[in-house]
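> sharing a sequence plus its predicted fold:
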There are 2 protein chains.
Amino acid sequence: MSRLVNINGKFLQETAASISFQDVSVQRGYSVFDFFRLVRNQPLHLEDHLNRFFNSASEMRLPVPKTREEIKQLIHELVWENELPDSGIRIQLTGGEIADGSDFNAPSLIISQLAFPFPTQSMQDNGMHLLLHAHQRQLPQVKSTDYMMSIWLQPLLKENQADDFLYHNNGIITECPRSNFFMVSPEGKIVTPANNILKGITRMKVLMLASNYFQVEERDIHIDELQAATEAFITSTTKQIIPVTRINGKEVGNGQVGEVTKKLTTELRAYCGFD
Amino acid sequence: MSRLVNINGKFLQETAASISFQDVSVQRGYSVFDFFRLVRNQPLHLEDHLNRFFNSASEMRLPVPKTREEIKQLIHELVWENELPDSGIRIQLTGGEIADGSDFNAPSLIISQLAFPFPTQSMQDNGMHLLLHAHQRQLPQVKSTDYMMSIWLQPLLKENQADDFLYHNNGIITECPRSNFFMVSPEGKIVTPANNILKGITRMKVLMLASNYFQVEERDIHIDELQAATEAFITSTTKQIIPVTRINGKEVGNGQVGEVTKKLTTELRAYCGFD
């Protein structure tokens, strides 16, 4: 049976849920979204995700057609209807139909539910292989729907037997296409990029938890520093924490999943109530 | 009465024409298009636009679900149905619904017709004011639907009483968000950027016509060269040739529409059969 999706307050069968071909999201790629996890039917870090969603909309000058409270109600109703207790919720705000090309009078709000794309056990156990790539996401502070470059680059991953990209901008590490990057410095500090990135909700939680045990630095990381890193990992809503054991074919540290990464993974799982 | 639009070979009322909210164009901004003009019901430079459309699709690894001949037939049928003899035709290829995030098995082909957005007479007579902005379009050789940056930047135009942006990348002039840029050098040469741009169909025609009368150079233009330019203009399907008389508030040449620009405008109009 088809799941339900909510568009502008109306519940629709997912297979029948559509938007106008004249929407600016379709015609001009102008749209924002957010995505969070349900744990036993409870949205995880909902307030943080809604904060970011409203911020993305505001940065893009897109009026949100429902209040924060109305959106929460719609999420709860959708969750109740669909009965998918461990899944993901996606909220998207489109630009609305284009009248004169720059007016966003009637954006559409789409709330959908999907199977949660859990990372593989192998990735968690053995870590990922990242491929450095020079690219700067446009309006990085906005969670926009612009993933053109990362989709376009996919064949490079296969060619290099890599799992994901690690973007840098003139040698300064920024982020992965859908995750934040962390490294452990030779001095044992937890370091993560500060600028030109999307500030992930999981990134925020990891920084908070890490500061209980380690020195933490949010700052620019030069590509050269990666060679000396003892550990590295990425964070995202779907991946939580995944170790990075190779970058461009070279081992990070000793190429094994490190103790700091394991410690933070355990702390994060406990904090999120996964255990 | 609503116009008709064709989606995947089916004619639909424009007001009822929609695509799935799960299409990768909506969810991930992955889509290409092309746009051309009808002159007395005849598509202008149709073969050139179809060449570029198929090239954009190929670059993005999007399979086109209709043959070139089928697309032409659909265009002719749409034109016959809608009876809008001096309008524009837009062909868009979306990524199709996302299954596992990287498979483009079923892109949608949307052919729509719209009122042609003619430039104002004042712009043609007095020229435009361009605002320099540091930005490089992603995959510039592809006519993608990624216009996020130019939409986001719109308020800057109003603030600076400018008409459009002129992008540069580390001081090398590239293009306007939807047009190509040309300048006339102090030696009387026609110069236009060669790299990291979308090669416009009108640009191609202007280069061809200009070479009958002037020396023509396709090469990098440094931002510093703009100061010495005697004339400048932009080209696009919707604008044809529009003079550029100011850049960042400074006059180009003597600030008047120049003779070279006028000559090329006349030649282009004649070549396109507008007179």
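Thanks, I have the structure now.
> residue of the stretch 51-200 of chain A closest to chain B, please.
Residue nearest to chain B within the stretch 51-200 of chain A (CB to the nearest CB): residue A:147, separated by 4.2 Å. Heads up, the C-betas are built off the backbone N, CA and C, glycines and all.
> how about that residue, nearest residue that isn't a chain neighbour?
Spatially, and ignoring its direct neighbours in sequence, residue A:147 is nearest to residue B:28 (4.2 Å; CB to CB, 6 or more residues apart in numbering or on different chains).
> repeat that for residue A:250.
Per CB to CB, 6+ apart, closest to residue A:250 is residue A:227, 7.5 Å.
> likewise for residue A:263?
Closest to residue A:263 by CB to CB, 6+ apart is residue A:213, at 6.8 Å.
> now name the helix or strand holding that neighbour.
Using DSSP states H and E, residue A:213 sits in no helix or strand.
> please state the backbone phi and psi of the residue nearest to residue A:147?
For residue B:28, the backbone dihedrals (degrees, to the nearest 10) come out as phi -140, psi 10.
> pLDDT weak spots in chain A?
Along chain A, segments meeting pLDDT under 70 span A:1, A:99-103, A:275.
> quick one, helices of it?
Remark: helices assigned in chain A by DSSP state H are A:24-28, A:46-59, A:68-82, A:121-126, A:148-152, A:154-159, A:201-210, A:259-272.
> which elements pack onto the first one?
It refers to helix A:24-28. Judged by 3 or more CB pairs under 8 Å, 6 or more residues apart in numbering or on different chains; DSSP states H and E, helix A:24-28 is in contact with strand A:18-20, strand A:87-94, helix B:24-28, strand B:87-94, helix B:148-152.
> and residue A:246, which of those is closest to it?
Residue A:246 lies closest to helix B:24-28 among the helices and strands packed on helix A:24-28, at 26.6 Å (CB to CB).
> can you tell me what sits against that closest one?
Helix B:24-28 is contacted by residues A:19, A:23, A:25-26, A:29, A:31, A:33, A:92, A:94, A:145, A:147-148, A:151, B:19-21, B:30-31, B:92, B:94-98, B:104, B:145 when judged by CB atoms under 8 Å, 6 or more residues apart in numbering or on different chains.
> can you check stretch A:55-68 too?
A:8-9, A:30, A:32-34, A:50, A:53-54, A:71, A:74, A:93, A:95, A:104-109, A:139, A:141-144, B:152, B:155.
> pull out the buried residues from those residues.
A:30, A:32-34, A:50, A:53-54, A:71, A:74, A:93, A:95, A:104, A:107-109, A:139, A:142-144, B:152 (16 or more other CB atoms under 10 Å in any protein chain shown).
> returning to that earlier point: do you know which of the helices and strands packed on helix A:24-28 lies nearest residue A:266?
With CB to CB, the closest approach to residue A:266 among these belongs to strand A:87-94: 22.9 Å.
> how far off helix A:68-82 does that closest one point, in degrees?
Interaxial angle of strand A:87-94 relative to helix A:68-82 (axes from the mean of the first three to the mean of the last three CA atoms, to 10 degrees): 130 degrees.
> in its sheet, which strands sit next to strand A:87-94, and in what direction?
strand A:31-39 (antiparallel), strand A:109-115 (antiparallel) (DSSP bridges).
> so which of these is the most surrounded?
Each of those was assessed for mean neighbour count using mean count of other CB atoms under 10 Å in any protein chain shown. The highest is strand A:31-39, with a mean of 23.
> give me the angle between it and helix A:259-272.
Going by the same axes, to 10 degrees, strand A:31-39 makes 80 degrees with helix A:259-272.
> CA-only coordinates of strand A:31-39 in CSV, if you can.
In CSV, the C-alpha atoms belonging to strand A:31-39 read as follows (Å, rounded to 0.1, in the frame of the first residue of the first chain):
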residue,chain,number,x,y,z
SER,A,31,13.9,25.0,-2.8
VAL,A,32,14.9,24.1,0.8
PHE,A,33,14.3,21.0,2.9
ASP,A,34,15.2,19.3,6.1
PHE,A,35,15.3,15.6,7.2
PHE,A,36,15.1,13.9,10.5
ARG,A,37,14.8,10.5,12.0
LEU,A,38,11.9,8.8,13.9
VAL,A,39,12.8,6.6,16.8
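> quick check: residues of the stretch 151-275 of chain A near chain B?
Counting by CB under 8 Å from any CB of the partner chain, the positions of the stretch 151-275 of chain A adjacent to chain B are A:151-152, A:154-155.
> got those residues as TSV, with distance to residue A:207 columns?
Below are those laid out as TSV (distance: CB to CB, whole Å):
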residue	distance to residue A:207
A:151	29
A:152	31
A:154	30
A:155	34
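> measure stretch A:94-111 end to end?
11 Å (CA to CA, to the nearest Å).
> mind listing what the closest residue to residue A:43 other than its chain neighbours touches?
Nearest residue to residue A:43, sequence neighbours excluded (CB to CB, 6+ apart): residue A:36, at 5.7 Å. Shown in contact with residue A:36 (CB under 8 Å, 6+ apart): A:43-46, A:49, A:88-89, A:201, A:237.
> what's the closest of those residues to chain B?
residue A:88 (12.8 Å).
> can I assume that closest one is in contact with residue A:238?
Yes. At 7.4 Å, residue A:88 counts as touching residue A:238 under the criterion of CB atoms under 8 Å.
> out of the two, which sits in the busier spot?
residue A:88 (20 against 16; other CB atoms under 10 Å in any protein chain shown).
> what ranges do the strands span in the stretch 151-275 of chain A?
A:164-169, A:172-173, A:180-184, A:190-192, A:216-218, A:221-222, A:231-236, A:240-247, A:250-251 (DSSP state E, counting those that start in this stretch).
> which one of these lies closest to residue A:274?
Here strand A:240-247 is closest among the strands of the stretch 151-275 of chain A (CB to CB), at 8.0 Å.
> tell me the strands beside that closest one, with direction?
strand A:128-134 (parallel), strand A:231-236 (antiparallel), strand A:250-251 (antiparallel).
> need those strands in a markdown table (columns: distance to residue B:65 and mean neighbour count).
Formatted as a markdown table, the strands paired with strand A:240-247 follow (distance: least, CB to CB, whole Å; neighbours: other CB atoms under 10 Å in any protein chain shown):
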| stretch | distance to residue B:65 | mean neighbour count |
| --- | --- | --- |
| strand A:128-134 | 31 | 20 |
| strand A:231-236 | 33 | 26 |
| strand A:250-251 | 43 | 11 |
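> can you list these in JSON lines and add distance to residue A:173?
Formatted as JSON lines, the strands paired with strand A:240-247 follow (distance: least, CB to CB, whole Å):
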{"stretch": "strand A:128-134", "distance to residue A:173": "8"}
{"stretch": "strand A:231-236", "distance to residue A:173": "10"}
{"stretch": "strand A:250-251", "distance to residue A:173": "15"}
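> please report how far the residue lying closest to residue A:15 once chain neighbours are set aside lies from residue A:82.
Among residues not flanking residue A:15 along the chain, residue A:2 sits closest, at 4.7 Å (CB to CB, 6+ apart). Taking CB to CB, to the nearest Å as the measure, residue A:2 falls 10 Å from residue A:82.
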